[in-house]
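Visitor: show me the folded form of this:
(chains A, B, C and D)
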2 protein chains.
Amino acid sequence: MTVIAPPQGLTIAEASERTGLTTHTLRYYERDGLMLRSVGRTSSGHRVYTERDLTWVRMLTRLRATGMPIREVKAYAALCRSGDGNETERLALLQNHRARVLSQLAEVTEHLGAIDNKIGIYQSALERADA
Amino acid sequence: MTVIAPPQGLTIAEASERTGLTTHTLRYYERDGLMLRSVGRTSSGHRVYTERDLTWVRMLTRLRATGMPIREVKAYAALCRSGDGNETERLALLQNHRARVLSQLAEVTEHLGAIDNKIGIYQSALERADA
DNA sequence: GCTTGACTTCGAGTGCGCTCGAAGCGCCAG
DNA sequence: CTGGCGCTTCGAGCGCACTCGAAGTCAAGC
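Guide: Down below sits the predicted model:
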């Protein structure tokens, strides 16, 4: 019935539970080359996730959650995968992303300020109507 | 050649220039019911944008830029369109949106912090390599 | 009066990021 | 030894928000 998790590893269902991603999405990420390396398999072909895999998925989730497009995550994964010597490029990619996120945060914050004004207008109009 | 802007109004090209949206998008928003009311026309059927229209488009842009889905902008437009008496609902909609935006800002900021750590690790590794 | 070009409508196409379904296999309980 | 679950792969489908192209119209300049 239940697939037994191999020693030192987690099934895709367990990985799903710990990362908050669906099994569909985990498979999709692997298929699409977002993983550092392809996930290990049991003799019967089932995926075995290690802690290293989960750590990477969590990093990946942070990049995605801050709006990095899949293709760029893929580029970052490719850099990490190809081993030492390209740390400068990895750093540049992350710093670039950081700058974009900061400017996007600033933009959203500014727009939110204007929306807050609108909220204030409705609030005082309603207070006046109450009185 | 050039379509002359009617007195007190702007052509779609001018509205596009002032709002930063393409003419395609402006027409799409109107078609989809995001505008407060449908934009005026000349005798030959060309759109005529008023300052009121532009003000609304700017509000709309702020809602969109903070991640409000089209269908919710549409709902807000519908409330405004139906006249006085539903200010409480409009306020609730905006406050709801505000809460979502704030929590999303917090989430992005937290993820960005983790990415900053990673950047720091690369930086010190590179400094050590330089020395 | 003819050309030009910005406008009109309508509907189809695009890109992104999943999301889902179908068909098939292996392992374990009963 | 059989039923059934949870995994496998593959490819298609979906929702969102535009984005674009085709075909036609109309006013202005030459």
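Visitor: residue contacts, A:Val101?
Guide: Each residue near A:Val101 by CB atoms under 8 Å, 6 or more residues apart in numbering or on different chains is listed here: A:Thr66, A:Gly67, B:Val108, B:Leu112, B:Ile115. (Glycine included, C-beta is placed from N, CA and C.)
Visitor: inside strands: which ones of these?
Guide: Using DSSP state E, no member of those falls within strands.
Visitor: buried ones among these?
Guide: Applying 16 or more other CB atoms under 10 Å in any protein chain shown to those, the neighbour count classes A:Thr66, B:Val108, B:Leu112, B:Ile115 as buried.
Visitor: in helices, which of those residues appear?
Guide: Taking DSSP state H as the definition of helices, the buried ones among the contacts of A:Val101 contribute B:Val108, B:Leu112, B:Ile115.
Visitor: find the nearest non-adjacent residue to the residue nearest the centre of chain A, please.
Guide: Centroid-nearest residue in chain A, with CA atoms, centre = their mean: A:Thr61, separated by 1.6 Å. Once flanking residues are discounted, A:Thr61 sits nearest to A:Thr19: 6.7 Å by CB to CB, 6 or more residues apart in numbering or on different chains.
Visitor: the one you found: neighbouring residues, count only.
Guide: Counted with other CB atoms under 10 Å in any protein chain shown, residues neighbouring A:Thr19 total 18.
Visitor: pretty sure it contacts A:Met59?
Guide: No: judged on CB atoms under 8 Å, A:Thr19 makes no contact with A:Met59 at a distance of 11.0 Å.
Visitor: packing partners for the helix or strand of chain A with the lowest mean pLDDT?
Guide: One helix or strand of chain A scores below all others by mean pLDDT, DSSP states H and E: strand A:40-41, with a mean of 92. Packing partners of strand A:40-41 (3 or more CB pairs under 8 Å, 6 or more residues apart in numbering or on different chains; DSSP states H and E): strand A:47-48.
Visitor: quick check, the strand it packs on touching DNA strand D?
Guide: Yes: interface with DNA strand D: strand A:47-48 contributes A:Arg47 (CB under 7 Å from any atom of the strand).
Visitor: helices or strands up against that strand?
Guide: Using 3+ CB pairs under 8 Å, 6+ apart, strand A:47-48 is in contact with helix A:23-31, strand A:40-41.
Visitor: ok, of those, where does mean pLDDT dip lowest?
Guide: Lowest mean pLDDT of the helices and strands packed on strand A:47-48: strand A:40-41, a mean of 92.
Visitor: that strand pairs with which strands, and in what direction?
Guide: Here strand A:40-41 is paired, per DSSP bridges, with strand A:47-48 (antiparallel).
Visitor: show me the contact partners of the partner strand.
Guide: The contact list for strand A:47-48, computed with CB under 8 Å, 6+ apart, reads A:5-6, A:9-12, A:15, A:26-27, A:30, A:39-42.
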